[in-house]
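Colleague: just need the structure, nothing else, for what follows:
(one chain, ligands or ions: 2)
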Amino acid sequence: MPASATPLLCPVCRDRLELGGAAGRALVCPAGHSFDAAKQGYFNFLVGKGTVFEADTADMVAARFDFLSAGHYRPLADAVAELAAAALAGVVATRPGTVLDAGTGTGHYLRALLDRLALNVASVEAIGLDISKFALRRAARLNPEAMNIVSDVWQPLPVGDDAVDVVTVVFAPRNAAEFARVLRAGGRLIVVTPRAGHLEEVAALAGLLGIDPAKDERLAASLEGHFAPLSADRLDIPLSLSPDDVARLALMGPAGHHLDRGTLATRTAGLPPRTAVSARFRISVFEPRR
Ligand SMILES: C[S@@+](CC[C@H](N)C(=O)[O-])C[C@H]1O[C@@H](n2cnc3c(N)ncnc32)[C@H](O)[C@@H]1O
Ligand SMILES: [Zn+2]
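Modeller: Ligands and ions are numbered 1, 2, ... in the order given. Predicted coordinates for the structure are as follows:
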């Protein structure tokens, strides 16, 4: 099978990777460093020393997958997909577009984006990065057309300079310098963050971590040197959640690393059949400074 070019860089020597190998399921650089797809279809680029970051565990990922699959955050996925489609509209008339979803998790938002782009974009190449292999097993199944890579966003990204048109980051860490490096001039960074009051009705019960009231300023400040803000939209979603939904919400976020599962089960068992909860998001769009 002939090798095909990719926007990816070898995590060992930073030379270009091509997709090739016997079954076309290995990424190989000119120096011969080779990364086989895991049987679930993702690639593991974590080389050398382990990372200091705590990856989401299998039960956290399962909770996220079940919660998102139920469609609770569908309006958010649609809004992000719409913004990405708008950003790509001018590009794809001349060449395939490239999208990077950093901290892709189970691939839920990238799936919505790919479905949206399929409506009017001839060709788009997608990369999903996450540090959790449990998340990427799901993402690879959901988004088989994407290159799903286990990688740490706090390390140099395994992606070439000026190789990407849109970076999406939905509740995941942001490495501003690296996002700016991989984005082409005129590219877009789309960031989703929670706003004050997000899930506040169940925050205490579900042990959710508090939202920093200065989050917006912190987001702008962390990106300031590399990105200029273009727009910021609020999106509120009224949810009606079952006790199981609330338990999933608790487990799927960063609090899931520390929550005692038994205590959580006792607390959610005391909830009524339905709890009204507001999800409050901000979707911000930035362009790289050049
Ligand atoms: C709250 S989840 C959001 C996942 C997905 N974007 C979504 O909204 O469904 C945060 C994700 O960031 C990933 N993550 C955390 N630290 C990371 C790092 N240093 N590099 C790459 N991914 C990381 C986690 O594994 C997790 O999948
Ligand atoms: Zn190499």
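Colleague: which residues of the stretch 1-150 of the chain lie near ligand 2?
Modeller: Applying CB under 5 Å from the ion, we find that the stretch 1-150 of the chain lies next to ligand 2 at C10, V12, C13, C29, A31, H33. Every C-beta, even on glycine, is put in place using the N, C-alpha and C of the backbone.
Colleague: 6 Å instead?
Modeller: Within reach of ligand 2 by CB under 6 Å from the ion, the stretch 1-150 of the chain has these residues: C10, V12, C13, D15, C29, A31, H33.
Colleague: list the contacts for the nearest residue to the first one once chain neighbours are set aside?
Modeller: Distance criterion CB to CB, 6 or more residues apart in numbering; nearest residue to C10, sequence neighbours excluded, is C29 at 3.7 Å. By CB atoms under 8 Å, 6 or more residues apart in numbering, the contact set of C29 is C10, V12, C13, D15, R16, L17, E18.
Colleague: so what's the residue of the stretch 101-250 of the chain found nearest ligand 1 up against?
Modeller: Closest to ligand 1 within the stretch 101-250 of the chain is G105: 2.5 Å, counting by CB to the nearest ligand atom. By CB under 8 Å, 6+ apart, the contact list for G105 reads D56, V61, R64, D130, S132, A135, R138, A139, V170, A172.
Colleague: so which of these are also by ligand 1?
Modeller: Contacts with ligand 1 within those, counted by CB under 6 Å from any ligand atom: D56, R64, D130, S132, A135, V170, A172.
Colleague: so can I have CSV of the residues you listed showing secondary structure and distance to T193?
Modeller: Shown next, in CSV, are these (DSSP: H, G, I helix; E, B strand; the rest coil; distance: CB to CB, whole Å):
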residue, secondary structure, distance to T193
D56, coil, 18
R64, helix, 17
D130, strand, 18
S132, coil, 20
A135, helix, 19
V170, strand, 9
A172, coil, 10
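Colleague: tell me which element G186 is part of?
Modeller: strand 183-194 (DSSP states H and E).
Colleague: packing partners for that strand?
Modeller: The contact analysis (3 or more CB pairs under 8 Å, 6 or more residues apart in numbering; DSSP states H and E) places strand 183-194 against helix 74-88, strand 164-170, helix 215-223, strand 275-288.
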